[in-house]
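Colleague: Sharing a sequence plus its predicted fold:
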Amino acid sequence: MAILIAYGRYTMQTKAGTLSEKALAVLSAMQINELTESHIYNGIAKRMKAGENRDILLRISQDERRHASIWQGYTNKDVQPKRFKVFWFIFLARVLGFTFAIKLMERGEGNASETYAAIDSEVPEAATVAHEEDVHEQALIDMLDEERLQYVGSMVLGLSDALVELSGTLAGLTLALQHTRIIALSGLITGISATLSMASSEYLSSRSEGNPNAVKSGLYTGAVYLLTVALLVLPYLLLPVEGYFIALAIMLGAVILIILGFTYYISVAKDVPFLKRFGEMAGISLAVAGLSFLIGIAVKHFLGIEI
């Protein structure tokens, strides 16, 4: 027999007994949420190759659907999943990886135990479902093994080196050359050469450590480096030749945005602190850019070069 708790002024009758209106509202929301997440896990799994990751996601999907069925027994409602949320997280999984999408989704749901604690006196199954949400399901998520996250170290190496080296180079060239096209040309030559150098260095380093995937490590480093080069040089290619200071400001803004986005991605996918990593990368990149800008002033002044 259910126990009546004063969640609301009105009560409604279900197969579990008498429940407050507020408790039923909570259960309805959780039913929709569990069904939505079941569709998300299933949708991501269906787009993956057969293997352990796919099996884990299908297992979680079944758990979520079972939870939704439990709540349906109390609400006596047939609900529909949130279609846009299903589409959005499946899209994120395809673009940024399933680990990032799933952990971002779970972050947004908060602590299930706190939600269910408000109704566990009226709903006996609440404690069991809360335990599965907080412990069992998280354990399954931690078992996921996405290939791209195995190369986070290589990606961080490529990104950090490109940001520090190229932002400094472009800042120094901006005042020394004062011509966006020449700055872009110099930056591209420097950046492409550095990309090849970094990729080969990462390959040789990984191979010397006995890494069987040394080629992939080098490719990830080079790809991230080259993409960063393209984004930082782009303002100098798009703006008129006399807009070098505006290009510099946009380039530095791009540096901050790239660091912000990448750090957030890693913080979610790898469960690492966000602010500390962001502060370190942004501080180093901007400090090097500022120092290089001063070097550009000094070189231009002492060598007397005018372009």
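Modeller: Nice, thanks for sending it over.

Colleague: Just the buried positions in the helix or strand I102 falls within, please.
Modeller: Using DSSP states H and E, I102 sits within helix 98-109. Buried residues in helix 98-109, counted by 16 or more other Cβ atoms under 10 Å: F98, T99, F100, A101, I102, K103, L104, M105, E106. Glycine gets a C-beta too; all of them are placed from N, C-alpha and C.

Colleague: Other residues contacting that helix?
Modeller: With Cβ atoms under 8 Å, 6 or more residues apart in numbering as the test, helix 98-109 has contacts from 33, 37, 40-41, 44, 48, 53, 57, 89-90, 92-93, 138, 141, 144, 146, 149, 265, 268-269, 271.

Colleague: before we move on, what about stretch 35-45?
Modeller: 54, 57-58, 60-62, 64-65, 68, 79-82, 85-86, 89-90, 93, 98, 101-102, 105, 109.

Colleague: Buried subset of the residues you listed as a PyMOL selection?
Modeller: Of those, the buried ones go into a single PyMOL selection, burial set by 16+ other Cβ under 10 Å:
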select buried, resi 54+57+58+60+61+64+65+68+79+81+82+85+86+89+90+93+98+101+102+105
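
Colleague: Okay, and which of the contacts of stretch 35-45 map to helices?
Modeller: Cross-referencing the contacts of stretch 35-45 against helices under DSSP state H gives 54, 57-58, 60-62, 64-65, 68, 85-86, 89-90, 93, 98, 101-102, 105, 109.

Colleague: count of residues packed around the residue lying closest to R207 once chain neighbours are set aside?
Modeller: Spatial nearest neighbour of R207, chain neighbours left out: A214 (4.0 Å); criterion: Cβ to Cβ, 6 or more residues apart in numbering. Using other Cβ atoms under 10 Å, A214 is surrounded by 18 other residues.

Colleague: Equivalent analysis for G210, please.
Modeller: Neighbours of G210 (other Cβ under 10 Å): 7.

Colleague: Repeat that for P124.
Modeller: As a burial measure, P124 scores 11 neighbours (other Cβ under 10 Å).

Colleague: Look up phi and psi at it.
Modeller: Dihedral pair for P124: phi -60, psi -40, per degrees, to the nearest 10.

Colleague: measure it to G73 for me?
Modeller: 11 Å (Cβ to Cβ, to the nearest Å).

Colleague: can you check V129 too?
Modeller: Taking Cβ to Cβ, one finds V129 at 12 Å from G73.

Colleague: Compare those two and say which is more crowded by neighbours.
Modeller: V129 (22 against 14).
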